[in-house]
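Enquirer: what's the 3D shape of this:
(one chain, ligands or ions: 2)
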Amino acid sequence: MSTIPIIDISPIILNKFDANDKEVVQKWKDVSKQIDTACRSIGFFYVKGHGIEDSRMKAIEKASRDLFNLPLEEKNKISITQSVNHRGYGEFATEKLSPDSVDNKETFDLGQPLALDHPLVADSPKLHGPNQYPEKLGSEWQKLVDDHFYTMLKLGTTILSCVTLSLDLPIDFFEDMFKFPMCAFRMIHYPGVEQSGATDNQGKVSLSAGEHTDYGCITLLCQDTTGGLQVGDIHGNWINAVPIKDTFVVNIGDMLNRWTNGIYHSTPHRVLSPKQDRFSYVFFFEPHYKTPVTCLPSCSSAENPPKYEPILAGDYLMSRFADTYTYYKK
Ligand SMILES: O=C(O)CCC(=O)C(=O)O
Ligand SMILES: [Fe+2]
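Expert: Residues are numbered from 1 along each chain as shown. Ligands and ions are numbered 1, 2, ... in the order given. Just a heads-up that it's a prediction; the model follows:
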């Protein structure tokens, strides 16, 4: 059975990349190699030594409980179904990660707030623009989640730099593409259910998030101590991505799989129905809408020609959302 590697990224968190410092370059290469190996095999890894403080994650946990504890009427004032750019609160039964079942979860999505007159918003209003915040929780709440967005953006950028190094691309290759990104920070609440661990009469286990692959580039997940995330390996086994203190679970999404011509694996995963309420905090790391996702220069050869048609990153995400969100089909 495969295992999900734990990668200590502290050497690169503590040493900013500097092409003129051989020792530092070697540290970056060592960490990048481990990340690259995981991306080419199981497509999932844990990162530790990431520098994000436990106190921050505790504050985020409280912020998420405060949000989900609000009355439904209050939460629905900022419903994602009323948002033109996919931000805000998602009620139960809003999302279907697998076509077989509706997910048993509620969500809150937030991105980089851009003013309506920003050129990217004028051009691509479906995934760029303002956020919706719960008015009742005030400006402190808003500041905390906005700050967290930028903290996670920085971590995502660091991991992408490792990918850049591993794939022999110029170090600034992705820089402009991620300046005004479509990244989303998402809080998820899965309620505890009685049938946790049970199977139906066809032997199917009870799920709160159906089997799926992620749509974007890189996903960074912080989960509480409940457990339930499972990752599919190439042998058809489900591996438990058990909660490990002070780590993020990182995985590759379909967009990076396309970009790398299938070299990096976007791996199916799912969430078992928990016995008790479970909370997770996910950062989806994506470039701006107009980014052309075209086979990366180092990922094709005469024997391995590009497998996928070029597509704009935003068009790709939108096509995947259309398959997932029940409200998009109204
Ligand atoms: O909550 C989790 O552990 C996983 C969530 C997930 O896979 C997703 O939202 O794409
Ligand atoms: Fe996922």
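Enquirer: what is the residue in the stretch 101-250 of the chain positioned nearest to ligand 1 paired to in the beta sheet?
Expert: Across the stretch 101-250 of the chain, the shortest distance to ligand 1 (C-beta to the nearest ligand atom) belongs to Leu229, at 3.9 Å. For glycine as for every other residue, the C-beta is placed from the backbone atoms N, C-alpha and C. On the basis of DSSP bridges, Leu229 is bridged to Val271.
Enquirer: please shift the residue numbers so they start at 198 in all later answers.
Expert: Happy to do that; since the first residue is 198 now, the last one works out to Leu426.
Enquirer: which residues of the stretch 298-447 of the chain lie near ligand 1?
Expert: Ile385, Ala406, Asp411, Leu418, Gln420, Leu426 (C-beta under 6 Å from any ligand atom).
Enquirer: so of those, which ones are in strands?
Expert: Within these, residues falling in strands by DSSP state E are Ile385, Ala406, Leu418, Gln420, Leu426.
Enquirer: can you pull the buried residues of stretch 333-353?
Expert: In terms of neighbour count (16 or more other C-beta atoms under 10 Å), stretch 333-353 has its buried residues at 334, 338-339, 341-343, 345-346, 348-350, 352-353.
Enquirer: actually stretch 285-300, not the one I wrote
Expert: Using 16+ other C-beta under 10 Å as the test for burial, stretch 285-300 gives Gly285, Tyr286, Gly287, Glu288, Thr291, Glu292, Lys293, Leu294, Asp300.
Enquirer: where does the last one land on pLDDT?
Expert: pLDDT recorded at Asp300 is 88.
Enquirer: now the helices for this structure?
Expert: Ranges of helices in the chain, per DSSP state H, are 207-210, 219-237, 251-265, 269-272, 316-320, 335-363, 451-456, 510-521.
Enquirer: if we can go back for a sec, what is the nearest of the buried residues of stretch 285-300 to Ala499?
Expert: The nearest member of the buried residues of stretch 285-300 to Ala499, counting by C-beta to C-beta, is Leu294 at 37.6 Å.
Enquirer: low-scoring stretches of the stretch 348-497 of the chain, by residue?
Expert: Residue ranges of the stretch 348-497 of the chain with pLDDT under 70: none are present.
Enquirer: where does it get nearest to ligand 1, which residue?
Expert: For the stretch 348-497 of the chain, C-beta to the nearest ligand atom, closest residue to ligand 1: Ser477, 3.5 Å.
Enquirer: partner residues bridging that residue?
Expert: The partner residues for Ser477, given DSSP bridges, come to Ile385, Gln420.
Enquirer: isn't it up against Thr422?
Expert: No - between Ser477 and Thr422 there is no contact under C-beta atoms under 8 Å: 11.1 Å.
Enquirer: higher neighbour count, those two?
Expert: A count of neighbours by other C-beta atoms under 10 Å puts Ser477 above the other of Ser477 and Thr422, at 23 against 11.
Enquirer: which ones are touching that one?
Expert: Met384, Ile385, Tyr387, Leu418, Cys419, Gln420, Asp421, Leu426 (C-beta atoms under 8 Å, 6 or more residues apart in numbering).
Enquirer: likewise Phe482?
Expert: Contacts for Phe482 (C-beta under 8 Å, 6+ apart) come out as 349-350, 353, 356-357, 375, 378, 380, 413-417.
Enquirer: kindly report the same for Asn437.
Expert: Counting by C-beta under 8 Å, 6+ apart, Asn437 makes contact with Gly424, Leu426, Gln427.
Enquirer: quick one: the first one from Pro327, how far?
Expert: Relative to Pro327, Gly424 is positioned 35 Å away (criterion: C-beta to C-beta, to the nearest Å).
Enquirer: do the same with the second one
Expert: Computed with C-beta to C-beta, the distance linking Leu426 and Pro327 is 31 Å.
Enquirer: neighbour count for these two, which is higher?
Expert: Shown here are Leu426 and Pro327; by other C-beta under 10 Å, Leu426 has more neighbours (22 against 17).
Enquirer: residues in contact with the more buried one?
Expert: Residues near Leu426 by C-beta under 8 Å, 6+ apart: Leu418, Gln420, Asn437, Ala438, Val446, His466, Arg467, Val468, Ser477.
Enquirer: same check, this time on Val479
Expert: Contacts for Val479 (C-beta under 8 Å, 6+ apart) come out as Phe382, Arg383, Met384, Ile385, Thr416, Leu417, Leu418, Cys419.
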